[in-house]
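1. Next one to model:
(2 chains)
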Amino acid sequence: MRARSAIAPLMAVLGALLALACMLLLLGHDPWAATLALVDGAFGNRHAVETTLLRTGPLLLIGLAVALSFRAGIWNIGGEGQLYIGALVATTVATKLTSVLPLVLIAGMLGGALWSGLAALLRAHRGVSEVLSTILLNFIAVLLVSYAVQGPLQEVRGTYPQTDALPSAAMLGVIPGFQRVHWGLAGTLVLALFAWRFLFYSAAGLRLRAIGFAPRVAEYARVRISREIYQVFILAGMLAGLAGALEVTGVTGRLFRDLSAGYGFTAIAVAMLARLHPLAVVPAALFFAGLDTGAAAMQRVAAVPAVTVRIVEALVILFSIGFALPRRKA
Amino acid sequence: MQHVELRNIEKRFGSTHALRSANLELRRGEIHALLGENGAGKTSLVRVLFGMIQPDAGEILLDGMPAQIESPADALDKGIALVHQHSLLVPAFTVAENLLLGDRDAFFLSPSKRDQRAADWLERYGFYLDPKTRVETLSVAKQQRLMIVRALSRQVNLLILDEPTAVLAPSEVEELMRLLDRLRGEGMSVVFISHKMEEISSLCDRVTLLRGGETVLSQPLADLNVRDLAQALLGTDPPPPLQPPRSTPGELALRLDDLRAPGLQLSLELRRGEILGIAGIDGNGQDVLEEILAGLCVPEKGRLELAAPPVGILPGDRERSGFIAELSLAENLALSHAAEPHNSPLYRSALGMHWLLSQKLERATRAAITRHQIKGSARDLAGDLSGGNQQKLCVARALGSNPQVLVAINPTRGLDLKSTRELRNELRAHAEAGGAVLLISTDLDEVLEISTRVEVLFRGALSPLDSAEPSRERIGALMLGGTGS
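-> Below you'll find the predicted structure:
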């Protein structure tokens, strides 16, 4: 049983790559060359590795948020929107109020929590499904950022739709030995460890899993379900908001429209591949980040369109769902 | 003439050897009792017969010819139907819609013709029911009869009934018996699963007894008496019936004073040292009462007055409310503590949160396993335990916070003789140790066996019984709304 749970995700990845190879063959490409180009583009040199690691960060944080939410039976798919609002609030605080880094990061977390909290409110008081509300809130968040960077928060020069650069005091330092990878990534790994302990070794984590498995049993055990639901939403929002804050304070240095490369959506795949286990989210995030980074190289070197990588991502989700479910008994 | 023969059926599920060498010989037109403790293989054997599972080894003969039963649909085509213990009807559909569900010929009928056809079937089996009634408004007993009529409408000649009487009142049991007796007269063969010896000896022709996946006895009932049967079932002499707790009722533990909720209006007082038995047929307010006692539902008027909260509760639907199948035994026990971890010895607080002390939980779980004689280890998933052990796990959970009041709703439903007895002893022990037990059960025998006092719940109201030794008949009448005099 335990062994099987580790094998299934590997099978999913292998299955998806095999399917990709077949597809490439049909399209007249050399699958072996394409795969080599992909791997080389993701991990082949220092620059590639750092790019992959930088992409791992937000995938990991939002992957954790998704894993915790789904474990509680909450289908929160608003990571993208929560990331954007986190980035927006963090940038606002950093450029207008204070450049004290911890405060900026906390502001980002609160921003994400505000956004997921809206979905929680709608569910608790109006019975609106969080699937619906979080998708719609994603659109609003993206549009809000779009408005902000062309309006109130636009850079003083007024040339590009982006904010001014953050004050350097509000920027995260680079880990010694790296050129671009910032301390936020190290913090993110610690959070993954913390999320694992939280989920399996804390009272709140057990309550969270209980409401996901069997809300009725949790109620009988005097767990206050609506309170737990709020907590999960807030926690997930904080993680996604932090991802946004780390993007601006660690990578881009300013806020603009396409800050996220769809991290909030890819993170759902990450969490599924990890079978909602916080520690497994780490390699899963690395895998998806590598796919993203390698895709461009594959297009350049092997002339395979980068969008095929999107197909692989989708296939990985389908395969991991397929392998994760127990075989139906006759 | 042998109608069905199952020979040396063997079936493994993973490491469990559910059936080793099970035999069943069913004659045409007989009612055949299938007996055995939980885990003896009754359900597996019946599932083989209904095509739900395929045996690993063994032979199936239908009318003397070797046969394979591929699926439930195949079984129905061969004239075999299984009536499950739980309702498999669509609650929002009408009686007619449920009755003709899956009947290809009825698909294109107009509603009025369909209702007429359903009415014909119902009438044929003496069941007078408006085909337009929605199933969710029917009592459990009526739903069960509807399932039986539905099976009969498929032209079957072998009916398998899985513990049909577990959910019925005494008079409803008699009605079912009459129906089965009539069907036998018409040549129907019936496999009847039950734990209740009296029913079996008054209804059935022959009996097959399973123990540990093997057939240990198969013979006409006329040659046996109830005592022999119980002895064969347990492998030892049947123990004498239990008694109510020996303790005398003491101070007040729980009071409900003119409590009102939808479909409920009652008062009751529960004292330490007693088991108050509440008899009644399903659907007379037990669900609402359970929710109020569990604190899930706030009454419209009145409230729960407790000498020492909280209440320990054994939910009526243990699979849905009692434990989480996907969590380990230890985690299930920890869950009651996780709701209020600040005063639990299993959690310590740090970083503003409560962290599990794994070793303490492990020790507490081992202690609970020993105390409640649960067969399983701390890390086993609760879903992998047998029904009896799952219910013991529920008891361990309910008693985990040392409550004074223990509420048990149908605590032995679906349990075998041995587990039933162990469970009833747990309830008695709780009362004798100074606790108070509220036993809400649809099993009248259970209520009468261990209750200090009995009250009857009918349409949300309680009728106390004044005499110390109430008769079965009197309680049975009260359960159906009679005056009891």
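2. Tell me the first helix or strand C-terminal of the helix or strand harbouring residue A:38.
-> Using DSSP states H and E, the element containing residue A:38 is helix A:31-43. Proceeding N to C from helix A:31-43, the next assigned helix or strand is helix A:46-71, under DSSP H and E.
3. Can you show me the CA trace of the helix holding residue A:38 as PDB?
-> Taking Å, rounded to 0.1, in the frame of the first residue of the first chain, the C-alpha atoms of helix A:31-43 are listed here in PDB:
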ATOM      1  CA  PRO A  31      11.400  11.900 -29.500                       C
ATOM      2  CA  TRP A  32      14.800  11.100 -28.100                       C
ATOM      3  CA  ALA A  33      16.400  14.300 -29.300                       C
ATOM      4  CA  ALA A  34      13.400  16.300 -28.100                       C
ATOM      5  CA  THR A  35      13.600  14.700 -24.600                       C
ATOM      6  CA  LEU A  36      17.300  15.400 -24.400                       C
ATOM      7  CA  ALA A  37      16.700  19.000 -25.400                       C
ATOM      8  CA  LEU A  38      14.000  19.300 -22.800                       C
ATOM      9  CA  VAL A  39      16.200  17.800 -20.000                       C
ATOM     10  CA  ASP A  40      19.200  19.900 -21.100                       C
ATOM     11  CA  GLY A  41      17.100  23.000 -21.200                       C
ATOM     12  CA  ALA A  42      15.800  22.400 -17.700                       C
ATOM     13  CA  PHE A  43      18.900  21.200 -15.900                       C
END
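4. and that helix, what other elements does it pack with?
-> Counting contacts by 3 or more Cβ pairs under 8 Å, 6 or more residues apart in numbering or on different chains; DSSP states H and E, helix A:31-43 packs against helix A:2-26, helix A:46-71, helix A:281-302. Every C-beta, even on glycine, is put in place using the N, C-alpha and C of the backbone.
5. Pick the most buried one from those.
-> Taking mean count of other Cβ atoms under 10 Å in any protein chain shown as the contact definition, the stretch among the helices and strands packed on helix A:31-43 with the greatest mean neighbour count is helix A:46-71, which reaches a mean of 25.
6. now the following helix or strand past that one against helix A:46-71, angle please.
-> Elements were assigned by DSSP H and E; along the chain past helix A:46-71, the next helix or strand is helix A:79-92. An angle of 120 degrees separates the directions of helix A:79-92 and helix A:46-71 when computed by axes from the mean of the first three to the mean of the last three Cα atoms, to 10 degrees.
7. any idea of the mean pLDDT in helix A:79-92?
-> When the per-residue pLDDT values of helix A:79-92 are averaged, the result is 97.
8. and if you look at stretch B:144-159?
-> Regarding stretch B:144-159, the rounded mean pLDDT is 89.
9. do stretch A:215-229 as well
-> Per-residue scores along stretch A:215-229 average to 92.
10. do the same with stretch B:251-270
-> Taken as a whole, stretch B:251-270 carries a mean pLDDT of 92.
11. what's the distance between residue B:17 and residue A:256?
-> Distance of residue B:17 to residue A:256, computed by Cβ to Cβ, to the nearest Å: 66 Å.
12. likewise residue B:185?
-> Using Cβ to Cβ, we find residue B:185 at a distance of 85 Å from residue A:256.
13. ok, and the closest non-adjacent residue to residue B:121?
-> Across the structure, with Cβ to Cβ, 6 or more residues apart in numbering or on different chains as the measure, the residue nearest residue B:121 apart from its sequence neighbours is residue B:153 (4.8 Å).
14. which residues does the residue in the stretch 201-330 of chain A that chain B sits nearest to contact?
-> Across the stretch 201-330 of chain A, no residue is closer to chain B than residue A:203, which sits at 3.7 Å (Cβ to the nearest Cβ). Remark: with contacts taken as Cβ atoms under 8 Å, 6 or more residues apart in numbering or on different chains, residue A:203 is in contact with B:337, B:338, B:339, B:341, B:344, B:347, B:353, B:354, B:355, B:356.
15. Secondary structure of the first one: a helix, I assume?
-> Put plainly, it is residue B:337. Yes. Note on residue B:337: a helix contains this position according to DSSP: H, G, I helix; E, B strand; the rest coil.
16. give me every residue that touches it.
-> Contacts were defined as Cβ under 8 Å, 6+ apart; by that measure residue B:337 touches A:203, B:344, B:346, B:347, B:400, B:401.
17. do the third one as well
-> Neighbouring residues of residue B:339 by Cβ under 8 Å, 6+ apart: A:203, A:207, A:218, A:221, A:222, A:223, A:224.
18. Most neighbours among the residues you listed, please name it.
-> Within the contacts of residue B:339, neighbour counts (other Cβ atoms under 10 Å in any protein chain shown) peak at residue A:221, which reaches 28 neighbours.
19. my read: that one touches residue A:213, true?
-> No. Applying Cβ atoms under 8 Å as the test, residue A:221 and residue A:213 come out as separate, 11.9 Å apart.
20. Low-confidence stretches in the chain?
-> I'll assume chain A. For chain A, applying pLDDT under 70 flags the ranges A:1-5, A:323-330.
21. if you could check chain B rather than the one you did, that'd help
-> Filtered on pLDDT under 70, chain B yields the residue ranges B:1, B:14-15, B:38-39, B:466-469, B:483-485.
22. follow-up on the earlier one: in helices, which of the contacts of residue A:203 fall?
-> In helices, judged by DSSP state H, the following of these are found: B:337, B:338, B:339.
23. now the closest residue in space to residue B:302 that isn't next to it in sequence, which residues is it bridged with?
-> Counting by Cβ to Cβ, 6+ apart, the nearest residue to residue B:302 once its immediate chain neighbours are dropped is residue B:259, at 3.8 Å. Listed beta-bridge partners, residue B:259: residue B:266 (assigned using DSSP bridges).
24. Return the residues in contact with residue B:259.
-> Residues counted as contacts of residue B:259 (Cβ under 8 Å, 6+ apart) are B:265, B:266, B:267, B:292, B:299, B:301, B:302, B:303.
25. quick check, nearest of those residues to chain A?
-> Checking the contacts of residue B:259 against chain A with Cβ to the nearest Cβ, the nearest one is residue B:292 at 12.8 Å.
26. Which SSE is immediately downstream of the helix or strand containing that closest one?
-> Here residue B:292 is covered by helix B:286-293, with elements defined by DSSP H and E. On the C-terminal side of helix B:286-293, the nearest following helix or strand under DSSP H and E is strand B:304-306.
27. Who is the one residue in the stretch 351-485 of chain B that gets nearest to chain A paired with across the strands?
-> Using Cβ to the nearest Cβ, the single residue of the stretch 351-485 of chain B nearest to chain A is residue B:354, 4.0 Å away. The partner list for residue B:354 in beta bridges (DSSP bridges) reads residue B:349.
28. That one and residue A:205, how far apart?
-> Applying Cβ to Cβ, one obtains 10 Å for the distance of residue B:354 from residue A:205.
29. With residue B:11 instead?
-> From residue B:11 over to residue A:205 the distance is 39 Å, taken as Cβ to Cβ.
30. For residue B:290, give me its contacts.
-> Taking Cβ under 8 Å, 6+ apart as the contact definition, residue B:290 lies against B:313, B:315, B:316, B:407, B:409, B:440.
31. Check residue A:194 too.
-> Contact criterion Cβ under 8 Å, 6+ apart gives no residues in contact with residue A:194.
32. element containing it?
-> Assigning secondary structure by DSSP H and E places residue A:194 in helix A:183-201.
33. Show me which residues of that helix are buried.
-> Within helix A:183-201, the residues that qualify as buried are A:183-185, A:187-188, A:191-192, A:195-196, A:198-201, counting by 16 or more other Cβ atoms under 10 Å in any protein chain shown.
34. and if you look at stretch B:434-447?
-> Using 16+ other Cβ under 10 Å as the burial criterion, the residues of stretch B:434-447 that qualify are B:435, B:436, B:437, B:438, B:439, B:440, B:441, B:442, B:443, B:444, B:446, B:447.
35. Pull up the gap between the fourth one and residue A:195, please.
-> Here residue B:438 is placed at a distance of 42 Å from residue A:195 (Cβ to Cβ).
36. So residue A:246 lies in a helix, does it not?
-> Yes. Secondary structure of residue A:246 (three-state DSSP): part of a helix.
37. Tell me who's in contact with the closest residue to it other than its chain neighbours.
-> Nearest residue to residue A:246, sequence neighbours excluded (Cβ to Cβ, 6+ apart): residue A:184, at 4.0 Å. Taking Cβ under 8 Å, 6+ apart, we find residue A:184 in contact with A:57, A:172, A:246, A:249, A:250.
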